[in-house]
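Asker: After the sequence you'll find the predicted model.
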Amino acid sequence: MTGTVQGNPYPESASLTRSSTLGVSSDTPMQAVDPAPDPEWAALVDAAHRNVNELEHFNHTSGQRGSSWALPVPDGAYRDIPVWSGKGAWLRQVRHVITDTDIGRTAVKQHRIGVETMIAVAATHARFADSTTGRDVTAAVATIGRAAGVSESAVQRARRVLRDVGMGHEVARGRHLRGNEFMAAELHHGGHQRRAASVWALSSPRWVIEATPQPAAPQRRTPARSVHRAQTHQQRRQRQQAAAAKAAASNPQLSGHDTLSFGSKVLEKFSRKRELTKRAQTRAGATTTNTNRPLHTQRAAAQLAQLAPALTPDGHIGQLVDVLVRTGVDTTRWTGRDIADALTRDTQNRGWTWPDAKIWNTGGYSVQNPVRYAHMRLSRIDFTGPSPSEQRARIDAQRRAEQAARATEAAEARSRAASAEHRSAMRANWRTLATRASSTRPGGVQE
């Protein structure tokens, strides 16, 4: 009924009022009125906003970074800890201290750890440290062990060596989170965290800096090929001059001013120009031959240089292309990313670490020749098997085949299903049979 609650499709949005003006009652809808705000609810919302702001401020002031929540460093903890000299210099100092100083050799022997294991753990610590100061190493022992390829006990022993020689300091001991730290960690990375790792700082003490010898600057040497080329040109000029002098002595016309004679300066200048042109053409032809490399090989080299800066040659990228050709990498099957992945797996299996663009972290030495380093690394890897791209393509093809098979099976099932007309006819047939059965029962009506 119109005008009543039963006749209103939205009874909650209107209500009936009765007015007794002049004894006549009328039904008039009332406007919806918002309920009065709840003071207790508003107070709870304001308190929640304040707590979130305080947690965000806490994370900001404690310098949280990465995918885990780190313990805040107490004020003044870094006051007496010198910063490091840089990633490569610090690693060079660590190697010198543990191999050439009494305090380092004693610490390594006391904590029973090898030199190469010690360097691997130190390089991993340097990888997680702040690049400017060497501080804020917040990675867990298990994370450092996986990255360095050693056990957790080896990481603990290496940390004790760094502590004894004054090149590593624990500024905050790892512990379980307390109080609002749980919520701060969840606000930082969105996950549940119950424990935080220790915070370490890497340092370069003054005595270590003074005791470590500086690396000798590489001397620029003239390539032997350039020296041989200059000597060959000089000998050729001497032979030409000797032949011209002999011809002039045997032919008196060469001493005259005939510009068309064999010994004239015009023909000598023309011959010199022709020789230079021929030499330039030879160089151009050789360059064209060297740079005429397959496009897929050039793409693989460019992608590999982008993903592995340590392999980028100082000169033209074609040098890295030549390395791929010499090492027998089939770039029709192996892309630059595939080669970089293979190098990463080989590095992890050997317990090494990737060098930077100019510094070799594991030993602290500069990569003097990236091309030879790339040849050394690639020649030790077997590229005859299927590449990761081929494996992914095979898996994708298999998955597409399975999806097509499931789609075909579903289509066949749909084709075997009865149509709507067939189902309707079957229902009519069942009704007819039921009617006949009921009519033939004892006591039923016979037609």
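Answerer: Received it, and whenever you're ready, just let me know what you need. Numbers count the residues shown, from 1 in each chain.
Asker: got a list of what the spatially most central residue of the chain touches?
Answerer: Geometric centre of the chain, nearest residue: Leu307, 7.9 Å, by Cα atoms, centre = their mean. Leu307 sits next to 336-337, 340 when contact means Cβ atoms under 8 Å, 6 or more residues apart in numbering. (Each C-beta comes from the backbone N, C-alpha and C, glycine too.)
Asker: would you turn these into CSV with secondary structure?
Answerer: As requested, those are exported to CSV (DSSP: H, G, I helix; E, B strand; the rest coil):
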residue, secondary structure
Gly336, helix
Arg337, helix
Ala340, helix
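Asker: Let's see if you can find the most crowded of these.
Answerer: Gly336 (21 neighbours; other Cβ atoms under 10 Å).
Asker: if we can go back for a sec, and the contacts of Leu307 as JSON lines, adding pLDDT and distance to Asp382?
Answerer: Below are these laid out as JSON lines (pLDDT from 0 to 100; distance: Cβ to Cβ, whole Å):
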{"residue": "Gly336", "pLDDT": "91", "distance to Asp382": "18"}
{"residue": "Arg337", "pLDDT": "92", "distance to Asp382": "18"}
{"residue": "Ala340", "pLDDT": "91", "distance to Asp382": "16"}
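Asker: Go through the residues you listed and name the one nearest Ala411.
Answerer: Nearest to Ala411 among the contacts of Leu307 is Arg337, at 37.9 Å by Cβ to Cβ.
Asker: Could I get the full set of strands for the chain?
Answerer: Applying DSSP state E to the chain gives strands spanning 168-172, 175-176, 195-196, 199-202, 359-360, 365-366.
Asker: just those: most buried one?
Answerer: Of all the strands of the chain, strand 199-202 has the most neighbours on average by mean count of other Cβ atoms under 10 Å, namely a mean of 24.
Asker: Could you name the helices and strands sitting against it?
Answerer: Packing partners of strand 199-202 (3 or more Cβ pairs under 8 Å, 6 or more residues apart in numbering; DSSP states H and E): helix 115-128, strand 168-172.
Asker: Quick one: list the elements packing against the first one.
Answerer: So that's helix 115-128. Partner elements for helix 115-128 (3+ Cβ pairs under 8 Å, 6+ apart): helix 87-100, helix 141-148, helix 152-164, strand 199-202.
Asker: Repeat that for the shortest one.
Answerer: With contacts defined as 3+ Cβ pairs under 8 Å, 6+ apart, the packing partners of strand 168-172 are helix 152-164, strand 199-202.
Asker: Kindly list the longest helix within this protein.
Answerer: What stands out as the longest helix in the chain, according to DSSP state H, is helix 388-416.
Asker: most packed of the helices and strands packed on helix 115-128?
Answerer: Ranked by mean neighbours (mean count of other Cβ under 10 Å), the helices and strands packed on helix 115-128 are led by strand 199-202, with a mean of 24.
Asker: what are the C-alpha coordinates of that one, in PDB please?
Answerer: The C-alpha trace of strand 199-202 is given here as PDB (Å, rounded to 0.1, in the frame of the first residue of the first chain):
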ATOM      1  CA  VAL A 199      73.900  -3.700  14.000                       C
ATOM      2  CA  TRP A 200      77.600  -3.500  13.000                       C
ATOM      3  CA  ALA A 201      79.900  -0.700  11.900                       C
ATOM      4  CA  LEU A 202      83.000  -1.300   9.700                       C
END
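Asker: can you give me the mean pLDDT across it?
Answerer: When pLDDT is averaged along strand 199-202, the result is 93.
Asker: swap in stretch 103-122?
Answerer: Stretch 103-122 carries an average pLDDT of 93.
Asker: can you pull the buried residues of it?
Answerer: By 16 or more other Cβ atoms under 10 Å, the buried positions in stretch 103-122 come out as 104, 107-108, 111, 113, 117-122.
Asker: for it, how far is the first residue from the last?
Answerer: 17 Å (Cα to Cα, to the nearest Å).
Asker: what residues does it touch?
Answerer: So stretch 103-122 is contacted by 90-91, 94-99, 144, 148-150, 154-155, 157-162, 164-165, 351-353, 362-363 (Cβ under 8 Å, 6+ apart).
Asker: mind redoing it with 6 Å?
Answerer: With contacts defined as Cβ atoms under 6 Å, 6 or more residues apart in numbering, stretch 103-122 is touched by 94, 97-98, 148, 150, 154-155, 157-158, 160-161, 164-165, 351.
Asker: Stretch 380-392 too?
Answerer: For stretch 380-392, the external contacting residues (Cβ under 6 Å, 6+ apart) are 329, 333-335, 338, 341-342, 346.
Asker: if we go to 10 Å?
Answerer: Contact with stretch 380-392 is made by 324, 327-335, 337-339, 341-343, 345-346, 350, 393-394, as judged by Cβ atoms under 10 Å, 6 or more residues apart in numbering.
Asker: taking those one by one, which sit in helices?
Answerer: 324, 337-339, 341-343, 345-346, 350, 393-394.
Asker: Any chance of these in CSV with distance to Trp200 as columns?
Answerer: Below are the ones in helices among the contacts of stretch 380-392 laid out as CSV (distance: Cβ to Cβ, whole Å):
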residue, distance to Trp200
Leu324, 40
Arg337, 33
Asp338, 36
Ile339, 35
Asp341, 30
Ala342, 33
Leu343, 29
Arg345, 28
Asp346, 29
Arg350, 26
Ala393, 44
Arg394, 45
